[in-house]
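> mind folding the following:
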Amino acid sequence: MQISIPSSVIEIGIYAFSGCSSLAQISTPSYGTKIGSFTFERCTSLTQITIPSSVTSIGENTFSECSSLTKIIIPSSITSIGDYSFNECSSLTQITIPSSLNSIGDYAFSECSSLTDILIPSSVTSIGSFAFYECSSLTKISISSSVTSINDGTFNGCSSLTEISIPY
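Numbers count the residues shown, from 1 in each chain. Presented below is the predicted three-dimensional model:
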């Protein structure tokens, strides 16, 4: 199933599409500045989404447990990624983090077991607790020297990690 959100929508509330397990694709025009918490949580058939450039923050648990989501490009308008935003997106292999991002929330990408490498841009100053916890396929991390805080357990359980590059 695919849905198209009309441009007249200016806000999508929390839990709006949570648990829509047959939802595979979302077309979203510009509609405000934040994707609410838990909005697409447990949409287990969701494979792709384009986040509009009007969005500046991704709420907590927004895409949590979207186990079929394989790739996400976060637009350059995003400045923060909330706690658990992409938690348990087990098919996620690629994340493009924009240079506009300031912070990565707690458990933001935890248990993304197919994620293989990550580049933390120089705009990021804080990486939340357990942000990449149990990313068991993660082999390479590049962290900018601008990061001033790597919190508890950030890379705990990254059993395949062989290369950490600080700074770049």
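
> and Phe17, how far from Thr125?
According to Cβ to Cβ, to the nearest Å, Phe17 stands 32 Å off from Thr125. (Glycine included, C-beta is placed from N, CA and C.)

> which one's more surrounded, the two?
More crowded of Phe17 and Thr125, by other Cβ atoms under 10 Å: Phe17, with 18 against 14.

> who's in contact with the residue most central in space within the chain?
The centroid of the chain falls nearest to Phe86 when counting by Cα atoms, centre = their mean (4.4 Å). Residues in contact with Phe86 (Cβ atoms under 8 Å, 6 or more residues apart in numbering) are Thr62, Phe63, Ser64, Cys66, Leu69, Ile72, Leu92, Ile95, Ala108, Phe109, Cys112.

> distance of it from Thr50?
From Phe86 to Thr50 the distance is 15 Å (Cβ to Cβ).

> quick revisit: what helix or strand is the residue nearest to the centre of the chain on?
Of the helices and strands defined by DSSP states H and E, none includes Phe86.

> same question for Ile164.
Element membership of Ile164 [criterion: DSSP H and E] is strand 163-165.

> list the strands paired with that strand, with their directions.
Strand pairing for strand 163-165, determined by DSSP bridges: strand 140-143 (parallel).

> immediately after the partner strand, which helix or strand?
Next along from strand 140-143, by DSSP H and E: strand 149-150.

> ranges for the strands of this protein?
Assigned by DSSP state E, the chain shows strands spanning 2-4, 25-27, 34-35, 48-49, 57-58, 71-73, 80-81, 94-96, 103-104, 117-120, 126-127, 140-143, 149-150, 163-165.

> for Gly157, which of these is the nearest?
Judged by Cβ to Cβ, the one of those that comes nearest to Gly157 is strand 140-143, at 13.5 Å.

> can I assume Ser129 is in contact with Thr154?
Yes - if you go by Cβ atoms under 8 Å, Ser129 and Thr154 touch, sitting 6.7 Å apart.

> between these two, which has more neighbouring residues?
The neighbour count for Ser129 versus Thr154, taken as other Cβ under 10 Å, is higher for Thr154 (22 against 18).

> what residue ranges in the chain score low on pLDDT?
Applying pLDDT under 70 to the chain picks out residues 28-29, 31, 167-168.

> again, only using 50
Nowhere does the chain drop to pLDDT under 50.

> relative to Ser22, how far out is Tyr107?
As defined by Cβ to Cβ, Tyr107 lies at a distance of 26 Å from Ser22.

> more crowded one of the two?
Higher neighbour count among Tyr107 and Ser22: Tyr107, with 26 against 9, using other Cβ under 10 Å.
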